[in-house]
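# quick one: sequence plus predicted model below, questions after.
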Amino acid sequence: MFYDVVIIGAGISGAMCAYKLSKYKLNIAVLEAGIDVAAGSTRANSAIIHAGYDAKEGTLKAKLNVKGCEMMQELTDALGVHYKNCGSLVVGFDDYDREQIEILKKRGETNGVKGLRILDKRELHKMEPNVSPSAVCALFAPTAGIVCPYDLAFALSENAATNGAEFYFNFKVSSIEKTDNGYAVSDGNDTVCGKYIISATGIYCDEIAKMIDDPLPFEIIPRRGEYMLLDKAEGKTTQRTLFVTPNENGKGILVTPTADGNIIVGPNANVVDEKGDTSVTIEGLEEISEGARRLVPNINLGAMITSFAGVRPTPSTRDFYIQESEKCKNFIHVAGIESPGLASSPAIGDYVVDILKKCGLKLVEKPDYIPTRSKEGNFKLFYDMTDKERKAAIEKNPLYAKVVCRCENITEGDVVNAIHRPIPAYTSDMVKRRTRSGMGRCQGGFCNTKVAEIIARELGIPVDQVQKFGKNSNILCGKTK
Amino acid sequence: MHKSVVIIGGGPAGLAAAIGAYESGVEANDILIIEREKELGGVLNQCVHTGFGLTYFGEELSGGEYASRFIEKIEEYAIPYVTEATVLSVSKSKVIKFVSPQLGYTKVKADAVVLAMGCRERSRGTLNIAGTRPSGIFSAGSAQRFVNIEGYLPGKRIVILGSGDIGLIMARRLTLEGAKVLRVCEMKSHVSGSARNVEQCLNDFDIPLYLNSTVTKIVGEERVTGVVVSKVDENFKPIRGTGELVRCDTLVLSIGLIPENELTTEAGIKLDKKTNGAVVDQYFQTSLSGVFACGNVLHVHDIVDYVTAESINVGKACAGYVKGLIKPNKTKIPFEISDGVKYVVPQTFNFDPKKIDIILKRFVVYFRVSRDYEKAKITITSNGEELLSVIKNNIHSSQMHSVILTKKMAQVIEKNKNAKISVTEA
Amino acid sequence: MEKQFICIICPRSCPITVDTETMVIKGNKCMRGRQYVNSELTEPRRTLTSTIRIESEKVMLLPVKTDRPIKKEDLFAAMKKISKISVKAPIKIGEIIVSDFIEDGTNLISTKTILK
């Protein structure tokens, strides 16, 4: 099949492009190196929808961040994704910080951010009593929010798949050749051909650019950020995202609620040698703990239930690079998408569609477009349902009456649904990210056996062939008898 | 639906509470046990090893055998229970919402509630273990479930972190099923589990035990390929430079149990930070009137026989509550602890001076000490007056101990409105 | 020579010492401890607990045990034998699965009732 658009990368940028384009009568392919959507930076980040005062005036970041942030509520409502417009605070501890905060406010206003306000010590502590008593002021941004980044990426991808986009996983692009009608993109085994190519490849965007002999005019520096996730019992530590004043490395170590009621602490920002190095280090955890305590001295880090890390593609220019390749017609780079990539994503999507339009892509709306994640509508997890909805769900499907993950109250109905979604789950990690089973305080201790059994049953494979996240990550080592 | 007594959890604690309530006069049809798994028995169902029932039955039974004694009584008494049922919430007015394939989405109003949800295991995430997140990392209970219920081997070359009884039992079990257990690491300077288990689970199979030792890093992309084991100091901090890479494909974690109190906190019930379980009075009634707690959800036990004894009394207390014989847990007399005592259960007293022994003739006080004693003097006082003084040899910090309060002692405590328990070197 | 043992008969885990010349046993708090140590000196024995395959609607495995301790040196041979056994429900708790298992007079018995 010859595709109109081939999108390389199913992270938040790629998924957003697929979502925006699948409204139109186009043949779309999405090629993802990983086993699942959101396999890279999108899986492990601060999950914050930034308001837009951070990015320098006049940059593409600034423009797309503010716009994207404004679009988030409507987008998440349409796709049934949890979004909390909780607001954020940049906390200042002295006069220098106060100066920085005033600069951020002015910058935000220039960028178009609404509602920015500087709080004094009293107001700050009234709003967030757990913030350090040494804090003297804060910039309050009411438009900021939090969302689950991979949940959003799944929703976008599932909608795209429902509307005909084809997803190829375990497709690690190794070569891109120019053809008469466009490009041939290959992973060494298979080749996918298309007229327009979008490279939304995160930390690998410089390597993809080299494949078309169009190296990016800047460097991509892979920076790892480590995080600690705290138990939901600590959820009231802060209602809003808390930042310190930024420095040259970025926004610094923050303390934020998540869309599901946990608290995340982090990230640090250390350059790594290996792009795929998402391991967590002892020094990293110490660094984040110190940073967290600066903001919230009494934060209960003992309530940590897991730690994780993600690597972001920091462009040496510190701005997004989204444009048609100067050398290769119809090849669009979506590069250097570090923070505020998630917040900007809806605007990035529109921006890319505009570029494609200018390149000549005809956009005719689909009359039979389905606006939700699947033909049946958006998915609601059992724990999100009202009593009435729960009763109805159980009547329709008795598997919703069997709780599998007791920490998060996830039912067998939710797990089976995840295995049969438009982008199906078939490993325990894929089920985890779609349903939250295994993300609670016992971290899968109780449900891992049950989820493995359900996956085995639904896929018709023996339990010891069920994998954690693909390839050779089998959970078990064979039968005892 | 309305029931006099609703018991959340059908493990040893819940089963004993049901039997205690029934034998004290609550009609079978007025009791309901809500159990999450397919069958009653709780974690005992996955314990194929013996060692249960030595005190309660005077026999050495396997987990399943012990559980079956009580399940048989439940069947004999025809006490109703629902399985594959998960409680979603317990309200302050004792309305319990649960889901089950049998009954769908159900609400039951209870006069008395027994919290018997047991505990969960600490996971890797609660320790600062650096490195990757591959497959091959199991909690000991999970590994036990895979081996004894599903029939699968979690791995072939195994390192166990934590020398509690669960870790030691699994060291033996995995070895017998054909895996190689390379070592058991323990952060403390002494073993956590019983000496008996060190003998029959480690020494019998030449499995080395490394004290003052912990896992600091996990290596492996898709599956564990090794762990870094480091020595720790007296504060359990890893000592830099002592890391040793041990090649293995599996890490089993036996690093502690935490009472499962989500439902408890959602109901606004007060917890004791020292036990991670509810604060209770001498009837094991929580701060919410008519809600009781027993078993591992109240405080983590070592021996199931004690869980049974504790829970039968809670059953009796429920029966008394339903009859109106127990006053609400309002006027609490605090039960103070001294330095030698790590925690005490119950943490408060709530005696009705006219009805002190109307339900239970004596009251059991459970406690743990904060260090080992060769010869310990256990004293309970009230306003300085000594009510009880007992000398016990070889009191270990890893074991639960108990003493008995008589009616007379209770009367003094009630009069003085205070009590204190202390442990000193004799 | 003095030999030291930890008795495994009950959770008390009594440390027991034996003078191998005089055969004086010290440290046991009950008779079973004395018996255990005597047994350890001559022929150590252990109760084996494990699982066997069962054909049943609900479960895959049946927990079993030897009704008497068997020789410690036979444990792995016993595990091998066990891996070849399979039964069909219903099985009652205490039912003999294999009589004269590993040695005469010792039976492999079920420790659970599985009705179907």
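Okay, I see it.
# list phi and psi for the residue nearest to the spatial centre of chain A.
Of all residues in chain A, the one closest to the mean position by Cα atoms, centre = their mean is A:P149, 2.7 Å from it. Per-residue torsions, A:P149: phi -60, psi -40 (degrees, to the nearest 10).
# from A:P222, how far off is it?
Noted for A:P149: a distance of 18 Å to A:P222, by Cβ to Cβ, to the nearest Å. All C-beta atoms are positioned from the backbone trio N, CA, C, and that covers glycine.
# and for A:Y53?
26 Å.
# comparing these two, which residue is more hemmed in?
Ranked by neighbour count (other Cβ atoms under 10 Å in any protein chain shown), A:Y53 and A:P222 place A:Y53 first, with 28 against 21.
# quick one: the closest residue to C:P15 other than its chain neighbours from C:I6, how far?
Take C:P15 and drop its neighbours on the chain: the residue closest to it by Cβ to Cβ, 6 or more residues apart in numbering or on different chains is C:G27, 5.4 Å away. Counting by Cβ to Cβ, the gap from C:G27 to C:I6 is 10 Å.
# now the common contact residues for these two.
Here C:G27 and C:I6 have C:14-16 as joint contacts, going by Cβ atoms under 8 Å, 6 or more residues apart in numbering or on different chains.
# interface residues of the stretch 101-250 of chain A facing chain B?
A:229, A:233 (Cβ under 8 Å from any Cβ of the partner chain).
# so, low pLDDT: which residues of the stretch 101-250 of chain A?
A:249 (pLDDT under 70).
# so which residues of it form helices?
A:121-127, A:149-162, A:205-211 (DSSP state H, counting those that start in this stretch).
# buried residues in the longest one?
Along helix A:149-162, the positions that meet the burial threshold by neighbour count (16 or more other Cβ atoms under 10 Å in any protein chain shown) are A:149-162.
# just these now: which is nearest A:T143?
Closest approach to A:T143 among these (Cβ to Cβ): A:L152, at 17.3 Å.
# okay, domains of the chain per the record?
Unless you meant another one, I'm taking chain A. Here the domain parsing of chain A from automatic domain parsing is A:84-145+A:223-311, A:382-465.
# look at chain B instead
Domains of chain B are assigned by automatic domain parsing as B:1-120+B:257-329, B:123-255, B:331-426.
# for those domains, give me CSV that also has mean pLDDT and distance to chain A.
Output for the domains of chain B, formatted as CSV (pLDDT from 0 to 100; distance: least, Cβ to the nearest Cβ, whole Å):
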stretch, mean pLDDT, distance to chain A
domain B:1-120+B:257-329, 95, 3
domain B:123-255, 94, 3
domain B:331-426, 92, 17
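# in TSV: the ones you listed, plus distance to A:P398.
Converted to TSV, the domains of chain B look like this (distance: least, Cβ to Cβ, whole Å):
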stretch	distance to A:P398
domain B:1-120+B:257-329	5
domain B:123-255	23
domain B:331-426	40
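# closest to A:V334 out of those?
Of the domains of chain B, the one closest to A:V334 (Cβ to Cβ) turns out to be domain B:123-255, at 27.6 Å.
# so the closest one, near chain C or not?
Yes: using Cβ under 8 Å from any Cβ, domain B:123-255 reaches chain C at B:147-151, B:176-178, B:194-196, B:198-200, B:204.
# distance between the ends of that domain?
8 Å (Cα to Cα, to the nearest Å).
# so what's A:R240 closest to, chain neighbours aside?
Using Cβ to Cβ, 6+ apart, the nearest residue to A:R240 is A:G87, at 4.6 Å.
# for stretch C:106-116, how far is the first residue from the last?
Note: stretch C:106-116 ends 27 Å apart using Cα to Cα.
# and that stretch, how far out from the chain middle?
On the basis of Cα atoms, centre = their mean, to the nearest Å, stretch C:106-116 is displaced by 15 Å from the centre of the chain it belongs to.
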